[in-house]
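1. Next input, structure requested:
(chains A and B)
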Amino acid sequence: MDNATLQPASTEAKAKIPAIRRGVKISLDKLVIFGAFVLLFALFSVTARNFFTLRNTLTLALQTSTITLMGIGVTFTIITGGIDLSIGSVVALTGTIAVMAANVGIPIWMSMVLGLLTGVLCGLCSGLLITGLKLPPFIATLGMMMVVRGVVLTITNAMSKPAPDAFGDLGNDTLFRINQQFPGIAYPVFIMILAAIIFGFFLRKTRMGRYTYAVGSNEEASRLSGIKVSRVKLVAYMISGFCAALTGIILASRMVTSQPNGGMSYELNAIASSVIGGTSLMGGIGTIAGAVVGSFIIGVLGVGLTMQGASYFVQQIAIGLVVIGSVAVDQLRYKKK
Amino acid sequence: MKKVLTVVLALAFMSMLAFGQEVAVIVKTGNSSFWQNVQTGCFDAQKELKKTTAKFSVTFLGPQSESNVNEEINIVESAIDRGVKAIVLAPSDTTALIPAVKKAKAAGIKVIIIDSKLDGPASQYDAFLATDNDAAGRACAKEMIARVKAATGSDSGKIAIESYVAGVGSEVGRVGGFKDYIAKNSKLQVVTTQYSQSDQVQALNQVTNILSSNTDLVGIFGANEPSAVGMGRAIAQAGLAGKIVAIGFDGNGVLQNFVKDGTIQAICVQSSYNMGYLGVKTAYDASVGKKKVAAYVDTGFLLVTKDNIDTTPAKNVLY
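-> Numbering: from 1, shown residues only, chains lettered A, B, ... in the order given. Next up, the predicted model:
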């Protein structure tokens, strides 16, 4: 990255040029990652029974959607040069709040909105700790992770409570169901696709999105160019909290219970999917499309290996190797420059 | 100045010591309704025993997750440092907690083990209170074989196991007993054993995948509370409620509903309350009461089905 050299060009032009150069590079990256996904999918289709079926593909999409949503949110924070470790706990808290609200009689849609607001609030807290108190993102979100977990366990006494039946519709119902033949596309999958499109557009095409890249590439230069760095970071962390809340509500809906103990270590899979997808932990580089494909690589490994009967531990090894491998490939390519 | 400092340090040191007679109850995790039920038992015992010994107190602690063995070791060591009179411990690993237990015994602290066994001779601790997990696993296996026979007419077929954390004492006993009984008493074949890490969603996903890849599965065993809950959800979502024999473990509200609506055929419910209640009482007798205590107490289990879920014995163990 260049040292801060003040350029008379406008901020937008400045953010545009690196993005274009990045755009070509990223297309190649994305192709490679997507190729890896296709390869894994083909491999499991051959080796695992009933893997290559429509029903299973839809299941794969449903099970991966949670990692994808969290991965999309955390990508924003990583691009700004930070990280969000609190998302796993936020998943637990937001789902629990939504269920508790529904159980006292608040309409289900409103309970879910309450859950979403909780997530945004948590993200705002993290963001304020980072921009206001100038805490390193790792520390701030680590602290939030513990505080939020403690809060949700205290308010529920660690007990999982059932939600009203209608609460489960979001997580379990599908659209376009055609009798027994086509089970339909699950709502969470739709939400995932919608989120990917909206947030992808936001990141690449809006001013705030490009400021996000700028802040991550060179925070000082961005500040000197007049970008409100604190605001950009706050937005990133609120998006992360929002996506985690979306995940929390979907999971609570799928289980039709609140899970104050749930979401543990989910942040690791989210970060891994973002990194596999090409996001750099140094900041300034990353795409939503990459995070989506990265999450599906993790998802397909989980589903495929379970269907093959391989143990959970093998899955952990496989995912770890993929994370290391994808970052290594990225490093090699940058070295060649 | 030095005198003041000494006094202050002495006070600080004393405040670190366990006030009165403390029994520390340390479980595998603070985060589950099973262990919360153990806690209820502990505090009920505390209430009773406070009538005899006013200074008697019980503290209840556990790490964030059942797989966090190191944190449990740390909690035990800090209890030893505090100078508690006795420790009631549910070890999250059969060997990793042995050094900490040795330290406690060396410091004169009585050690009562609950729920999961510790490897090695029973002389390492003063008492062991648990569900006989091996017997519970076998009872589940027996129920599985009987129900599969009733449903399909034969004692052969494919089953799967959704377990929780590999290597922990209760799991070794439970799933081990289950597998052994199945192997010796039927022709049922266990096609896969998956580990949910005690996360409901993980269990839901894993069982869904198992059901997808084995469409001829006749039975499935969910070996602890989160695994059973995830298993139940997966069966319900796949539309297989009542079409596959599902046996679960533990008995929270969600599982009771599954039994009532036929998604799960039977749950094996441990008396987690007893583990806490009797555990604390035994710890009191051994330490403050200075009595000799029984080396092993079977806290019992009950197979709860749709037929007996409303009876008193069932109501006593369900939570």
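
2. near chain A, which residues of the stretch 51-200 of chain B show up?
-> Listed as neighbours of chain A in the stretch 51-200 of chain B under the rule Cβ under 8 Å from any Cβ of the partner chain: B:Q64, B:S65, B:A166, B:V191, B:T192, B:T193, B:Q194, B:Y195, B:Q197, B:S198, B:D199, B:Q200. No exception for glycine: its C-beta is placed from N, CA and C like everyone else's.

3. Which strand or helix spans the second one?
-> Assigned by DSSP states H and E, B:S65 belongs to neither a helix nor a strand.

4. In the stretch 201-319 of chain B, which residue sits closest to chain A?
-> B:S213 (3.8 Å; Cβ to the nearest Cβ).

5. Please verify my assumption that that residue contacts A:N50.
-> Yes - B:S213 is within contact range of A:N50, at 4.8 Å (criterion: Cβ atoms under 8 Å).

6. re the thing from before, how about the nearest residue to the residue of the stretch 201-319 of chain B closest to chain A, chain neighbours excluded?
-> Counting by Cβ to Cβ, 6 or more residues apart in numbering or on different chains, B:S213 lies nearest to A:M307, which is 3.8 Å off, once chain neighbours are set aside.

7. Now A:V256. Nearest residue, chain neighbours left out?
-> Excluding the flanking residues, the one nearest A:V256 by Cβ to Cβ, 6+ apart is A:G168, at 3.9 Å.

8. burial of residue 79, as a residue count?
-> You didn't pick a chain, so chain A it is. Using other Cβ atoms under 10 Å in any protein chain shown, A:I79 has 27 neighbouring residues.

9. nope, chain B
-> If we define neighbours as other Cβ under 10 Å, then B:A79 has 25 of them.

10. Do a quick rundown of the strands in the chain.
-> Using chain A. Shown for chain A, the strands assigned by DSSP state E span residues A:174-175, A:185-186.

11. hmm, I had chain B in mind actually
-> Under DSSP E, chain B gives strands at B:21-26, B:56-61, B:86-89, B:110-114, B:127-130, B:156-163, B:187-195, B:217-222, B:245-249, B:266-270, B:296-298, B:301-305.

12. ok, and what's touching stretch A:33-46?
-> Stretch A:33-46 has contacts (Cβ atoms under 8 Å, 6 or more residues apart in numbering or on different chains) with A:51-52, A:276-278, A:290, A:293-294, A:296-297, A:300-301, A:303-304, A:307-308, A:322, A:326.

13. Next, report how far it is displaced from the centre of its chain.
-> Remark: stretch A:33-46 is offset 22 Å from the chain centroid, using Cα atoms, centre = their mean, to the nearest Å.

14. From what I see, A:L85 and A:P136 are in contact.
-> No - A:L85 lies out of contact with A:P136 (Cβ under 8 Å); the separation is 11.3 Å.

15. Hmm, B:V229 and B:L255 touching each other?
-> Yes - counting by Cβ under 8 Å, B:L255 does reach B:V229; the two are 6.3 Å apart.

16. Tell me the residues of chain A that contact chain B?
-> Within reach of chain B by Cβ under 8 Å from any Cβ, chain A has these residues: A:48-51, A:53, A:55-56, A:59, A:63, A:66, A:149, A:153, A:157-162, A:172, A:251, A:254-257, A:259-262, A:264, A:302-303, A:306-309, A:311-313.

17. Among these, which are located in helices?
-> Among the residues of chain A next to chain B, the members falling in helices (DSSP state H) are A:55-56, A:59, A:63, A:66, A:149, A:153, A:172, A:251, A:254-255, A:302-303, A:306-307, A:312-313.

18. Using PyMOL, define a selection of the buried residues within those residues.
-> The following PyMOL line selects those of these that are buried, judged by 16 or more other Cβ atoms under 10 Å in any protein chain shown:
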select buried, chain A and resi 56+59+63+66+149+153+172+251+254+255+302+303+306+307+312
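
19. Report the contact partners of the residue nearest to A:V327 when sequence neighbours are not counted.
-> The shortest distance from A:V327 to any non-neighbouring residue, by Cβ to Cβ, 6+ apart, is to A:V275 (6.1 Å). Neighbouring residues of A:V275 by Cβ under 8 Å, 6+ apart: A:I78, A:L281, A:G294, A:V323, A:S326, A:V327.

20. now that we have those, which one has the most neighbours?
-> A:G294 (34 neighbours).

21. What separation do you get for A:N269 and chain B?
-> Counting by Cβ to the nearest Cβ, to the nearest Å, the separation of A:N269 from chain B is 11 Å.

22. How many neighbouring residues does that residue have?
-> Here the number of neighbours of A:N269 (other Cβ under 10 Å) works out to 23.

23. do the one 3 residues further on as well
-> A:A272: 23 surrounding residues under other Cβ under 10 Å.

24. Would you mind measuring from the residue lying closest to it once chain neighbours are set aside to A:L268?
-> Among residues not flanking A:A272 along the chain, A:V323 sits closest, at 4.9 Å (Cβ to Cβ, 6+ apart). In this view, A:V323 and A:L268 are 9 Å apart by Cβ to Cβ, to the nearest Å.

25. Run a quick neighbour tally on the spatially closest residue to A:G304 that is not a sequence neighbour.
-> The shortest distance from A:G304 to any non-neighbouring residue, by Cβ to Cβ, 6+ apart, is to A:F44 (3.4 Å). A:F44 has 20 neighbours, counted by other Cβ under 10 Å.

26. go on, A:G320?
-> 11.

27. about what we covered before: could I get the contacts of A:V275 in TSV, plus columns for pLDDT?
-> Shown next, in TSV, are the contacts of A:V275 (pLDDT from 0 to 100):
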residue	pLDDT
A:I78	96
A:L281	88
A:G294	93
A:V323	82
A:S326	79
A:V327	78
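
28. weakest of the strands of chain B by average pLDDT?
-> Of all the strands of chain B, mean pLDDT reaches its minimum on strand B:296-298 (a mean of 88).
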